[in-house]
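In: Sequence and computational prediction follow.
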Amino acid sequence: MEILQLIQSNLLTPIILFFLFGIIAARIKSDLKIPEAISEFLPIYLLAAIGLHGGIEMRNTGFENMLIPMFVAIGLSLLFTLNHYQILRRLGKFNIFDSYALASTYGAVGAVTFSVGLSFLKNQGVTSEGYLAAILAILEPVAFIMAIFLTNMAVSKQIRVKKQSFTNDDVSDIDVGLRETKTKLSQVLHESLTGKAIVILLGSIVIGYMIGESGFSSISIVFDQMFTGAIVIFMIEMGIIAGQRLGDIKKVGVFLIAFAVIMPTFNGIIGVLVATGMGLSLGGAVMFGLLLASASFIAAPAVLRHAIPQANPSLYITSALGITFPYNIIVLLPIMFAISTLVHGEGSIDLFNYITK
């Protein structure tokens, strides 16, 4: 199966078509809108479904089997976040605040993207390790915490330098500002761990672990059979929001547009190869890569608007939702699936011959 054929078949799935439909509706300025109650309910439902399956899988395979993938994912997330910052700061010439905000946005994970990835694998008839849902929950706050910590260190260093040229009254004001800056890390930690997305995901994982497959059977009609349908409806809203952001893409600049495509591709492919080396299945490698390739556009604005208020929200929201999210679910997912199929020795993909045609 060729990569272009995978992308083409992916484009014709209900999830992608309804996402594109939402974009078109936004661009023609339709008054189409998902009711607020439904738009608030669907993310909770999707996370609960993912968490339940993840908890059941953890019970079946054992918690110890996810430790190595979990620590590797955390390490790669931190490494990629630092790499993002260096690229944005040195090559993109963004200021410290925008660089760290963008770096953490692309170091975090996207639960919506993860949901789409699960449906993509289901369409391909492939399964993945369910415990990756637990890694999803753990990775969410990691990049934010590190980025805020490093931002605080950078700001503290600037303040110490400026203290030397200020009066005693000015120094007193600076000390107050410094203490306020240092409290942000604890605030971010609290917001990240107690946000509704993480709470419902972790809670569902625990419940899934406790009830097992026998307990899940009574609610499977809701949290299994209806899963894809719920994503389809949610994709309409995501398409509408992305369509509204298309006009802002030109404002983020060519460099950030390229960054929003190249970095997820690099991170995702590395993730697939590393996951394969750890022994994850074909589908597990794809989902592991997707965790590292996705960008947070739901949790990021909620956390960063308080943690790094100096950063420009239009940069990290537009790039993550308007560029990276569509690219990931339409193009990158098939690419990672093709690479995972190749390195797992299944199927008949010959990337070299395909590229040199």
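Out: Right, received. Where do you want to start?

In: and the gap between Tyr100 and Ile23?
Out: Distance, Tyr100 to Ile23, by Cβ to Cβ, to the nearest Å: 30 Å. Bear in mind the C-beta positions are built from the backbone N, C-alpha and C, glycine included.

In: Which one's more surrounded, those two?
Out: The neighbour count for Tyr100 versus Ile23, taken as other Cβ atoms under 10 Å, is higher for Tyr100 (32 against 21).

In: surely that one meets Leu315?
Out: No. If you go by Cβ atoms under 8 Å, Tyr100 and Leu315 don't touch, sitting 11.6 Å apart.

In: what residue ranges in the stretch 101-250 of the chain are flagged as low confidence?
Out: Residues of the stretch 101-250 of the chain meeting the criterion pLDDT under 70: 155, 157-193.

In: same for the helix or strand where Leu315 lies, what does it pack against?
Out: According to DSSP states H and E, Leu315 maps onto helix 313-317. Judged by 3 or more Cβ pairs under 8 Å, 6 or more residues apart in numbering; DSSP states H and E, the packing partners of helix 313-317 are helix 96-107, helix 249-277, helix 299-307.

In: do that again at 10 Å, thanks
Out: Helix 313-317 sits against helix 96-107, helix 227-245, helix 249-277, helix 299-307, with contacts defined as 3 or more Cβ pairs under 10 Å, 6 or more residues apart in numbering; DSSP states H and E.

In: Nearest approach to Leu4 belongs to which of the ones you listed?
Out: Across the helices and strands packed on helix 313-317, Leu4 has its closest neighbour in helix 249-277 (15.9 Å, Cβ to Cβ).

In: Report the separation between Met278 and Val126.
Out: Here Met278 is placed at a distance of 18 Å from Val126 (Cβ to Cβ).

In: For the two, indicate the residue with more neighbours.
Out: Counted by other Cβ under 10 Å, Met278 and Val126 do not tie: Val126 has more neighbours, with 18 against 14.

In: Secondary structure element for the more buried one, which one?
Out: For Val126, there is no host helix or strand (DSSP H and E).

In: Next: Glu40.
Out: helix 36-61.

In: On the C-terminal side of that helix, identify the next helix or strand.
Out: Assignment by DSSP H and E places the next element after helix 36-61 at helix 67-86.

In: Can you mark which positions in that following helix are buried?
Out: Within helix 67-86, the residues that qualify as buried are 69-70, 72-73, 76-78, 80-85, counting by 16 or more other Cβ atoms under 10 Å.

In: follow-up on the earlier one: pLDDT on the helix holding Glu40, on average?
Out: For helix 36-61, the mean pLDDT works out to 88.

In: and what of stretch 6-25?
Out: On average, stretch 6-25 scores 92.

In: No further queries at this time; thank you.
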